[in-house]
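Peer 1: structure of the sequence below:
(2 chains)
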Amino acid sequence: MSKGITSRSEDYSQWYNDLVIKADLAEYSAVRGCMVIKPYGYAIWERMQAVLDKRFKETGHSNAYFPLFIPKSFFSKEASHVEGFATECAVVTHYRLKNDGNGNIIVDEDAKLEEELIVRPTSETIIWNTYRGWIESYRDLPILVNQWANVVRWEMRTRLFLRTAEFLWQEGHTAHATSDEAIAEAQQMLEVYADFAEGTLAVPVVRGRKTENERFAGAVDTLCIEALMQDGKALQAGTSHFLGQNFAKAFDVKFTSKEGKLDYVWATSWGVSTRLMGALIMAHSDDQGLVLPPKLAPTQVVIVPIYKTDEEKANLDAYVDQLSAALKQLDIRVKYDDRDTQRPGFKFAEWELKGVPLRVALGSRDMQNGTVELARRDTQTKETVQQAGLPDRIAALLEEIQDNIYNKALTFRDEHITEVNSYDEFKQVLVEKGGFISAHWDGTVETEKRVKEETKATIRCIPLDSKEEEGVCVFTGKPSKQRVLFAKAY
RNA sequence: CGGGGUGUAGCGUAGCCCGGUAUCGCGCCACAUUUGGGAUGUGGAGGUCGUAGGUUCGAAUCCUGCCACCCCGACCA
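Peer 2: Numbering: from 1, shown residues only, chains lettered A, B, ... in the order given. Sure, this is the predicted structure:
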């Protein structure tokens, strides 16, 4: 491993790539556009899964699993859905290979599938086809199911974690007896996501609603959380859709109500993906590497021993055993890095690169003085403290670090929401400052598309807390009742 | 699919114009000295120069085809 990573200010993309690879999170694989998530990166993803999964269970959901392959005909049943995904699907056409006689393995043309199978880009269709058989009465509702899975979207251009041909995610798919209940579910899950992003990932998000143009293919309403990255670009971090009766109608899923009336069921779907890894990285990291918020970090505290002789090491071991046990009592995830193949300085740099929130270093000098050295990843500061009362001190410090990381990101985000009132101002802010631009918009798809063509900025969302305000569209001058957030986005 | 570029050790590269079997750094292995911020020294291992063909006594180098990857567009919930 070579020293250091590219500076953020020099070349943001290069910095991001360097960081992902050198922090041992992921790398590109032999398959175009596909990513290998390495053990350290996967450990972080597992932490995300654990926290989210707990919340899903707490809100009444269960996990299930549906097939990877979806018959092609399922897709065409919901018109806007097929249109939204058709251009990026992997298709299975054959089920067998053969030897061509010259030692080459080729596709056996005799083994052509009668109906092609689509590798799922999302599972609404196969799930709603399944739900038809599960639902007859209002007594069968609601169905509150989530699945952890991989999906494939054949993107032209990929970036580690942010846009890969295959990615990991969770997708919730719920069925309800009433429209109101489904809408409440979509809102509830958006709040679960927002709370997770802010409380666990320490990434502040804007809760909002997508415009018609940016809406999920097949949805009536798409809610989203939008985060801001350190280069001033926005990142959609999660979506929650109210699907109305669109999929129920497409897959003929009806139920008999309490009143004995036959009606189509109401649906939602919601998902977050390994893209959150990208959000996490780009929201907090610096030129020394990853910065992980303590609530998420697989390892919250790393202990590095400094010693010359075996006796010294044994002495340190005895103390670290005690300290580790005390920290584990407080549910702190601690790692003792006593590898004898690397020197302390190397370990310091390595754990900083990997974003461990807090480092404890101790050697014989400390043992004599009854102290340890504490080094914070977020502020890059060090202090020597007494061993007495250390576990509680560390617990408090981890909370302080969590808050500090969040507040830093929040300050940055808030400083990068700029209100503009003219198109010239809009373009100037976009180029010179970046971030979210809060501006009036006339509400038409056409205006939105023209702004995108001219500036590459899109409407990220109509914030849910946006207040009514009379104004005029910065592009057309037509009347507008509220501001929306524009930004360049990943 | 358009426009540009690059393929040489695990990674990053020099050599290519002007043909003679490959340079340097990081990493890796061994030993020694080291260990409170990415150690140092000495020795060592590792290469069908993307691939197929052509020219030549001789090709990483010149010519042709192919392949792969990267960047800029188009595309992207």
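Peer 1: what sits against A:R209?
Peer 2: A:D221, A:T222, A:L223, A:C224, A:C461, A:I462, A:L464 (C-beta atoms under 8 Å, 6 or more residues apart in numbering). C-beta coordinates here come from the backbone N, C-alpha and C atoms, glycine included.
Peer 1: which residues does it bridge with?
Peer 2: Taking DSSP bridges, one obtains A:L223, A:I462 as the residues bridged to A:R209.
Peer 1: which residue, other than its chain neighbours, is closest to A:A219?
Peer 2: In space, and not counting its chain neighbours, A:A219 is closest to A:H241: 4.0 Å by C-beta to C-beta, 6 or more residues apart in numbering.
Peer 1: in the stretch 101-250 of chain A, what residue lies closest to RNA strand B?
Peer 2: Closest to RNA strand B within the stretch 101-250 of chain A is A:M156: 3.4 Å, counting by C-beta to the nearest atom of the strand.
Peer 1: okay, and for chain A, where does confidence drop off?
Peer 2: Chain A contains residues with pLDDT under 70 at A:1-3, A:102-104.
Peer 1: distance of the residue most central in space within chain A from A:I37?
Peer 2: With distances taken as C-alpha atoms, centre = their mean, A:L276 lies nearest the centre of chain A, 1.7 Å away. Between A:L276 and A:I37 the distance is 13 Å, computed by C-beta to C-beta, to the nearest Å.
Peer 1: try A:F247
Peer 2: Look at A:F247 and A:I37: by C-beta to C-beta, they are 31 Å apart.
Peer 1: helix/strand/coil for the residue of the stretch 101-250 of chain A closest to RNA strand B?
Peer 2: At A:M156 the chain is in coil, as set by DSSP: H, G, I helix; E, B strand; the rest coil.
Peer 1: quick one: the helices in chain A?
Peer 2: Read by DSSP state H, chain A holds these helices, from start to end of the chain: A:12-22, A:39-58, A:72-75, A:79-85, A:124-134, A:179-199, A:246-250, A:275-284, A:310-329, A:344-353, A:364-369, A:390-415, A:423-432, A:445-455.
Peer 1: how about the first one: buried residues?
Peer 2: Yep, that's helix A:12-22 we're talking about. For helix A:12-22, the neighbour count (16 or more other C-beta atoms under 10 Å) marks A:Y12, A:W15, A:Y16, A:N17, A:D18, A:L19, A:V20, A:I21, A:K22 as buried.
Peer 1: could you do the longest one as well?
Peer 2: Buried residues in helix A:390-415, counting neighbours by 16+ other C-beta under 10 Å, are found at A:390-391, A:394-395, A:397-398, A:401-402, A:405-406, A:408-409, A:412-413.
Peer 1: and what of the third one?
Peer 2: Along helix A:72-75, the positions that meet the burial threshold by neighbour count (16+ other C-beta under 10 Å) are A:K72, A:F74, A:F75.
Peer 1: over to stretch A:171-189?
Peer 2: For stretch A:171-189, a neighbour-count test (16+ other C-beta under 10 Å) marks A:171-177, A:181-183, A:185-187, A:189 as buried.
Peer 1: biggest separation within those, which pair?
Peer 2: Taking C-beta to C-beta as the measure, the buried residues of stretch A:171-189 span a maximum distance of 21.5 Å, between A:E171 and A:A177.
Peer 1: and chain A, what are its domains?
Peer 2: The record assigns chain A these domain ranges, following automatic domain parsing: A:12-66+A:131-284, A:301-400, A:417-487.
Peer 1: who in the stretch 301-450 of chain A is up against RNA strand B?
Peer 2: A:306-308, A:343-346, A:348-350, A:352-353, A:359, A:361-367, A:372-373, A:375, A:382 (C-beta under 7 Å from any atom of the strand).
Peer 1: can you list the buried residues in stretch A:416-423?
Peer 2: Across stretch A:416-423, burial judged by 16+ other C-beta under 10 Å covers A:H416, A:I417, A:T418, A:V420, A:Y423.
Peer 1: distance between the ends of it?
Peer 2: From its first residue to its last, stretch A:416-423 covers 18 Å (C-alpha to C-alpha, to the nearest Å).
Peer 1: list the contacts of it.
Peer 2: Identification of contacts with stretch A:416-423 by C-beta under 8 Å, 6+ apart yields A:228, A:232, A:426, A:429, A:433-440, A:471, A:474-475, A:483, A:485.
Peer 1: one more time with 7 Å, if that's ok
Peer 2: Residues external to stretch A:416-423 that are found in contact with it (C-beta atoms under 7 Å, 6 or more residues apart in numbering): A:228, A:232, A:426, A:429, A:433-439, A:474-475.
Peer 1: which one (most neighbours) among those residues?
Peer 2: Counting neighbours by other C-beta atoms under 10 Å, A:L228 leads the contacts of stretch A:416-423 with 30 neighbours.
Peer 1: for A:V451, list the residues it contacts.
Peer 2: In this structure, A:V451 makes contact with A:A457, A:F475, judged by C-beta under 7 Å, 6+ apart.
Peer 1: can you do 10 Å?
Peer 2: Residues near A:V451 by C-beta atoms under 10 Å, 6 or more residues apart in numbering: A:423, A:426-427, A:430, A:439, A:441, A:457-459, A:473-476, A:486.
Peer 1: what of A:I5?
Peer 2: Contact analysis of A:I5 by C-beta under 10 Å, 6+ apart lists A:14-23, A:285-290, A:353.
Peer 1: what of A:P293?
Peer 2: By C-beta under 10 Å, 6+ apart, A:P293 lies in contact with A:199-203, A:280, A:283-284, A:300, A:355, A:357, A:378, A:398, A:401-406, A:409.
Peer 1: recalculate using a threshold of 7 Å.
Peer 2: Going by C-beta under 7 Å, 6+ apart, A:P293 touches A:L201, A:A202, A:Q402, A:I405.
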